[in-house]
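# I need the structure of the sequence given here:
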Amino acid sequence: MATFTERMAPVLVLWLAVCLAGTWAVDRGNFKTCDQSAFCKRQRALKPGESPYRALLETMELTNTRLTLQLINDNNKVRLLLELYRLQGNITRVKINELKPLKPRYEVPDVLIREPPTEPLSLLSQDENGVVLSLGAESQRVIISARPFRLDIMEGRDVLMSLNSRGLLTFEHLRMRKDTFSYKVTSTVASVWDNVKRVFSSQADPDAEKKEEADPANQAETTKEEEEKVEDGMWEETFKSHSDSKPNGPSAISLDFSLPGVEHVYGIPEHADTLRLKTTENGDPYRLYNLDVFQYELYNPMALYGAVPVMLAHNTQRTTGIFWFNAAETWVDISSNTAGKTVFGKMLDYVQGSSETPQTDVRWISESGIIDVFLMLGPTPKDVFSQYASLTGTQSFPPLASLGYHQCRWNYNDQEDVRSVDAGFDEHDIPYDFIWLDIEHTDGKRYFTWDPHKFATPKDMLQGLQDKKRKLVAIVDPHIKVDSNYKIHNEIRSRGFYVKNKDGGDYEGWCWPGSASYPDFFRADMRAWWASMFAYDQYEGSMENMYTWNDMNEPSVFNGPEVTMHKDAVHGAWEHRDVHNLYGLYVQMATSEGLIQRSGGVERPFVLTRAFFAGSQRYGAVWTGDNAAEWDHLKISIPMCLSMGLVGLSFCGADIGGFFKSPSTELLVRWYQAGAYQPFFRAHAHLDTPRREPWLFGPENTALIREVVRQRYTLLPYWYQQFYHAHRTGEPIMRPLWVEYPQDPATFAVDDEYLIGRDLLVHPVTEEGARGVTAYLPGKDEVWFDVHTFQKHNGAQNLYIPVTMSSIPVFQRGGSIIPRKLRVRRSSTCMEHDPYTLFVALNPQRTAEGEIYIDDGHTFNYEKKEFIHRRLSFANNLLSSVNLAPDAQFTTRSWIERVVILGASKPSKVTLKTTDGQVSQVEFDFDASMSVLTLRKPGMNAGADWTVMLQ
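Numbering: from 1, shown residues only. Predicted structure coming up:
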């Protein structure tokens, strides 16, 4: 019989979860402010302009690939080592560490895809005040000033970026605690030894004592630590009922960056805030610390589930990026000399000839580790995306089916429920690709298992989906139920693979199963073992159409400080505080590897993660976590996914309808319309909400949802092509307007509309009861076509668009060609061989171009050149298809069944010429009122060369 504790565990967990959820709103008291985080409070108290750091120019060493230089803190004589590298692709790397740390400090592994290749540095000039180095291209140079230490990157006469210009560099050196026995023994022995040395050396050399005192190296060894005051929180810290033992003492680092000419900065997700980052002088800094935050608040800098320490800065001249390569808790302060100035104030400055250049200052503060920063110098937005991708990789190329629609809730009750929901989609003629199972599908929250009563024959369920060419996702969370009858737990424990507590035992906390331990994913052997558990013979009931969702991987610990793991928990040689923001990345990495291995390396994986870090884009998709059924949460999903895309995480979406609470019918329909035009398209809902499958809101609303889901499926060829492009280049799929219109300031703060690739502009309706929206159409000499009505509009204007409940304003850029598949079937796989319709939108020069990309949709064979990639272009009344990858081999049964040319004039005849030289006439219709020419059944293969002539 189960013990009382085992029987009570689910009740206690539910009670904890309810307490955390509160009244459907975040309990701010569960999460620290900067003032409650000792190192942040300590660093933020420092005043600008009082830097104690000086560069010791006589220690400079310059090789072909790097410069090293010692810095000294004149207050305590501790020395640091600065390393500077010029990297390929216009990136500069700056590293600062202690010259002689008491023990090694953490440097982040596994995130960079390789050791970044360097380029030569050369010395231009040097004097007692500093040195000037050449960065090669376009008269770029680095100036290092000695007293106080400062580093400027210049191009011509312009300063692109300055480091420590405000004097906020801090490096808390590792030290021994003064009130410990070992410190007293060490310091006593040291002073005795110093006295012995002095006696012998003074006998040999009467001036030795004076020389020793004068030697700065010795001053560094015998620091003025005694004079450094010990502040609260340096050696231990409490938050609520939790204590953090801090055995290594204070170890925080900080550095400021100045960005002259910049008023707009972006990135550092994840925050529920605007796309353009706000200044933080009057509140908390933006926080990067992966946390499980129940129904988060909007428009504030609180930490959420993921952390990517990358910021982009943009103005009309240049885009740059800062990648702060640190996985510890981090706070980012932003200030600006133009913040708070009204438009009138700025005009007054202009009229009065005010000489103040706009400037944004950014300060990064991390709890531990080293300073390791990559300065990505652009100059264009796409250069910065390429630079960041060269460091951390690009978005993984997902299976085509994962770009379709996903149906999820916590929870589908049993196999019959899954069968019934699946049938409901067919009955209501709504396509979908994936149905999802949350934690209740398992045997008592034991992952890799099935509830023996509700999911007794999972392979039958999966086969039923497979027969319809559909798939399933099952959740696998990284908290493992402590239960000696559970194989996974026993294996991890016997191999010693759990994270340890500060006393060396297995770390335990509370999560969904009750008492749980946490696998140490920082160990390569643990990750390899975890990956092996996804093999079909290990994960009972799994099949090739089953994929994985990693939730709660911040990691979430219900009874831990800030609902996460204690910072003094131990991963081998490192404390959890050093590595925290990497945990989720490693969970997704190991899971993704497991899905690849189970197919012998043939099939592409699909893994969704809630927690993430820089580099997570290589392993799958992300979503915005536990949102709510509120209009503002629908609105915020746009800037949240735009911010993630800017830092490489293109496969992003939000729970359609909101996870918590119940949406009004209007909100639900509007959310489907927005979600259908975001990369990851999934509906999800909380256990306590009423069911909300798309057909439960009356026939009218079912029809509205059906229509927008079908729009998604017609556009899958374009979405897939965008993912291929993102995988190859690192460019975002869902992107802010300024990425494509970098010299148009009107685009810089827009975050209620966006582009998909270059060619589709989407302005979702996010206001309750809206009768119209105003969309900004960019591009002075451009035109945009409404994709629903084919109405043409000029660029560089704010366009008012009347809307009804069926409206989702989407525009195709004049000058583009977009492939669609208009025969929508029950799933994307059913549409594999269907024909294409090409939508050709002419620009004012009457030209257009686009691409078509086709492969098998699910394997890695595209890496072996098994794909079709073609350029489609229209000019001089000729529409042609040319092979972009002559060395690639792939065949398709799909053909071109229709070409729709927007902004056309009526031809007298249309002919098709194919590769074999055959010429045939093509039927056409022309709508003179809309200038739309439709070519009917031209019939050429989508992978062939051909030319269509309008005469």
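# In the stretch 151-300 of the chain, where is pLDDT below threshold?
180-228 (pLDDT under 70).
# end to end, how far does stretch 301-308 reach?
14 Å (Cα to Cα, to the nearest Å).
# May I see the buried residues of that stretch?
Of all the residues in stretch 301-308, those buried under the rule 16 or more other Cβ atoms under 10 Å are 301-308. All C-beta spots, glycine's among them, are computed from the backbone N, C-alpha and C.
# Any chance of JSON lines for these, columns distance to residue 423 and pLDDT?
What follows is these, written out as JSON lines (distance: Cβ to Cβ, whole Å; pLDDT from 0 to 100):
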{"residue": "301", "distance to residue 423": "46", "pLDDT": "98"}
{"residue": "302", "distance to residue 423": "42", "pLDDT": "98"}
{"residue": "303", "distance to residue 423": "42", "pLDDT": "98"}
{"residue": "304", "distance to residue 423": "37", "pLDDT": "98"}
{"residue": "305", "distance to residue 423": "34", "pLDDT": "98"}
{"residue": "306", "distance to residue 423": "36", "pLDDT": "98"}
{"residue": "307", "distance to residue 423": "41", "pLDDT": "99"}
{"residue": "308", "distance to residue 423": "41", "pLDDT": "99"}
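# and these, which of them are in strands?
Using DSSP state E, the subset of the buried residues of stretch 301-308 located in strands is empty.
# what's the farthest-apart pair in the residues you listed?
302 and 308 (15.9 Å; Cβ to Cβ).
# how about the helices of the stretch 401-550 of the chain, start to end?
Along the stretch 401-550 of the chain, counting by DSSP state H, counting those that start in this stretch, helices occupy 415-427, 458-467, 487-494, 524-532.
# just so I know, which of those helices lies nearest residue 169?
Per Cβ to Cβ, nearest to residue 169 of these: helix 524-532, 34.2 Å.
# Can you work out which other helices and strands pack against the closest one?
helix 487-494, helix 583-598 (3 or more Cβ pairs under 8 Å, 6 or more residues apart in numbering; DSSP states H and E).
# Let's see the pLDDT reported for residue 404.
The model reports residue 404 with a pLDDT of 99.
# distance of it from residue 623?
Going from residue 404 to residue 623 by Cβ to Cβ, to the nearest Å gives 16 Å.
# who's more crowded, these two?
residue 623 (28 against 23; other Cβ atoms under 10 Å).
# Check the gap between residue 750 and residue 638 for me.
Distance from residue 750 to residue 638, by Cβ to Cβ: 10 Å.
# who touches both of these two?
residue 275 (Cβ atoms under 8 Å, 6 or more residues apart in numbering).
# So between those two, which is more surrounded?
residue 638 (26 against 22).
# That one should be in a helix, yeah?
Yes: the assignment for residue 638 is a helix, going by DSSP: H, G, I helix; E, B strand; the rest coil.
# Residue 334 belongs to a strand?
Yes: applying three-state DSSP, one finds residue 334 inside a strand.
# doesn't residue 279 make contact with residue 339?
Yes: here residue 339 reaches residue 279: they are 4.2 Å apart, a contact under Cβ atoms under 8 Å.
# contacting residues for residue 830?
Here residue 830 is in contact with residue 469 (Cβ under 8 Å, 6+ apart).
# domain assignment for this protein?
Residue ranges for the domains of the chain, per the TED database: 44-172+249-392, 835-950.
# which residues are in contact with stretch 527-537?
Under Cβ under 8 Å, 6+ apart, the answer for stretch 527-537 is 448, 488, 491-492, 495, 497, 519, 521, 538-539, 542-544, 548, 586, 589-591, 593-595, 597-598.
# Show me what counts as buried in it.
Counting neighbours by 16+ other Cβ under 10 Å, stretch 527-537 gives 527, 529-531, 533-534 as buried.
# May I see these organised as a markdown table, with distance to residue 909 and pLDDT added?
Listed next are those as a markdown table, based on distance: Cβ to Cβ, whole Å; pLDDT from 0 to 100:
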| residue | distance to residue 909 | pLDDT |
| --- | --- | --- |
| 527 | 63 | 98 |
| 529 | 67 | 98 |
| 530 | 64 | 99 |
| 531 | 60 | 99 |
| 533 | 64 | 98 |
| 534 | 58 | 98 |
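# What is the neighbour count of residue 239?
Residue 239: 16 neighbours (other Cβ under 10 Å).
# Which residues does it form beta bridges with?
Listed by DSSP bridges, the beta-bridge partners for residue 239 are residue 242.
# Next one: it from residue 569, what distance?
15 Å.
# related to what we said a few turns ago, between the helices of the stretch 401-550 of the chain, which one is nearest to residue 41?
Closest among the helices of the stretch 401-550 of the chain, using Cβ to Cβ: helix 524-532, at 35.2 Å.
# now that closest one against helix 583-598, angle please.
50 degrees (axes from the mean of the first three to the mean of the last three Cα atoms, to 10 degrees).
# Quick one: distance of helix 524-532 to the chain centre.
Helix 524-532 sits 24 Å away from the centroid of its parent chain (Cα atoms, centre = their mean, to the nearest Å).
# can you check stretch 170-180 too?
35 Å.
# mind listing what's buried in it?
170-175, 177.
# Equivalent analysis for stretch 420-432, please.
In stretch 420-432, counting by 16+ other Cβ under 10 Å, buried: 421-422, 424-425, 430-432.
# Stretch 27-37 now?
Here stretch 27-37 shows 30-32, 34, 36-37 as buried, counting by 16+ other Cβ under 10 Å.
# Skipping adjacent residues, who's closest to residue 710 in space?
residue 824 (4.7 Å; Cβ to Cβ, 6 or more residues apart in numbering).
# quick one: the one you found is in a strand?
No: if the criterion is three-state DSSP, then residue 824 is coil and not within a strand.
# Was I right to think it contacts residue 712?
No: in this structure, residue 824 is not within contact of residue 712 by Cβ under 8 Å, at 9.1 Å.
# Surely residue 686 is in a strand?
No: counting by three-state DSSP, residue 686 falls outside a strand, being coil.
# end to end, how far does stretch 427-444 reach?
Start-to-end, stretch 427-444 (Cα to Cα) is 33 Å.
# Also stretch 563-571?
With Cα to Cα as the measure, what separates the two termini of stretch 563-571 is 19 Å.
# what's next to it, contact-wise?
20, 30-31, 242, 244-247, 290-293, 329, 499-502, 504, 507, 509, 518, 520, 522-523, 554-557, 560-561, 575-577, 579-580, 583.
# Now do the buried residues in that stretch.
For stretch 563-571, by 16+ other Cβ under 10 Å, it's 563-571.
# Likewise for stretch 502-512?
So stretch 502-512, judged by 16+ other Cβ under 10 Å, has buried residues 502, 506-512.
# So which of the residues you listed are in strands?
508-511.
# nearest to residue 383, of the residues you listed?
residue 511 (42.9 Å).
# ok, that closest one to residue 491 distance?
In terms of Cβ to Cβ, residue 511 sits 19 Å off from residue 491.
# Same question for residue 880.
Taking Cβ to Cβ, one finds residue 880 at 59 Å from residue 491.
# Compare those two and say which is more crowded by neighbours.
More crowded of residue 880 and residue 491, by other Cβ under 10 Å: residue 880, with 16 against 13.
# Test my guess that the more buried one contacts residue 944.
No: the criterion here is Cβ under 8 Å, and residue 880 misses it with residue 944 at 11.1 Å.
# Sketch out the low-pLDDT regions of the protein for me.
1-24, 137-138, 180-228, 340-355.
# Skipping adjacent residues, who's closest to residue 702 in space?
residue 695 (4.6 Å).
# With residue 436 instead?
In space, residue 436 is closest to residue 408, 3.5 Å off (Cβ to Cβ, 6+ apart).
# For the one you found, grab the count of nearby residues.
The number of residues near residue 408, taken as other Cβ under 10 Å, comes to 22.
# so who does it touch?
Residue 408 makes contacts with 435-436, 438, 473, 682-685, as judged by Cβ under 8 Å, 6+ apart.
# Now it: phi and psi?
The phi/psi pair for residue 408 (degrees, to the nearest 10) reads phi -140, psi 150.
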